[in-house]
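# how would this look folded up:
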Amino acid sequence: MSGNVAIPYDTGRGHTRRLAEVIAAALGEGGCDARLIDVTAMQDTDWQALDAADAIVMGAPTYMGSASAGFKTFMDASGDIWAAQGWADKLAAGFTVATFPGGDKLNTLIQLSIFAAQHGMVWVGQDQIGAPANKDNPGINASGVWLGLGAPPRATSR
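As a prediction, the model looks like this:
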């Protein structure tokens, strides 16, 4: 795949940022131009990058069963874009990090996918099958999250 991908993210202790960096690097290796955007420090150029992107891959930590306040502020700030359906037909995906293996990450991914749907975006889940179903992939999608990427902090450690 080639294209222009924006990765807006919020991070608390750095885990979500680290996962965003890994995703950006993988996209770069695949021929994509990936831009990381810290949603707590948005500039006009960041909004322009989101508008110009072919795909938006969103990342938010899961706190108390939902997306972080910083990411929710970004979502709320996109109201004018939503009203004009400025991101309609873009590809969208999401990822989250939570302390526990389950950690209510699915709820955050649902929030992100509904946000994308409200913007008219096309949501892309993930297809990685890990152990125990595929014993050759230990540690891959261990919690069986298909809507997006859900990771515990240890998966983002260097």
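# state the distance from the residue in the chain sticking out farthest from the centre to residue 127.
Note on the chain: the largest C-alpha distance from the chain mean falls to residue 135, namely 26.5 Å (Cα atoms, centre = their mean). Distance, residue 135 to residue 127, by Cβ to Cβ, to the nearest Å: 17 Å. Heads up, the C-betas are built off the backbone N, CA and C, glycines and all.
# next: residue 139.
Counting by Cβ to Cβ - residue 139 and residue 127 are separated by 16 Å.
# tell me where this structure has strands.
Using DSSP state E, the strands of the chain run over 3-9, 32-38, 55-63, 66-67, 91-97, 122-123, 149-151.
# possible to save the ones you listed as CSV with mean neighbour count, distance to residue 115 and mean pLDDT?
Shown next, in CSV, are the strands of the chain (neighbours: other Cβ atoms under 10 Å; distance: least, Cβ to Cβ, whole Å; pLDDT from 0 to 100):
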stretch, mean neighbour count, distance to residue 115, mean pLDDT
strand 3-9, 23, 11, 97
strand 32-38, 18, 15, 97
strand 55-63, 25, 8, 97
strand 66-67, 20, 9, 96
strand 91-97, 26, 8, 96
strand 122-123, 15, 10, 98
strand 149-151, 24, 16, 86
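# got those as JSON lines, with distance to residue 103 columns?
Formatted as JSON lines, the strands of the chain follow (distance: least, Cβ to Cβ, whole Å):
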{"stretch": "strand 3-9", "distance to residue 103": "17"}
{"stretch": "strand 32-38", "distance to residue 103": "22"}
{"stretch": "strand 55-63", "distance to residue 103": "6"}
{"stretch": "strand 66-67", "distance to residue 103": "11"}
{"stretch": "strand 91-97", "distance to residue 103": "8"}
{"stretch": "strand 122-123", "distance to residue 103": "21"}
{"stretch": "strand 149-151", "distance to residue 103": "8"}
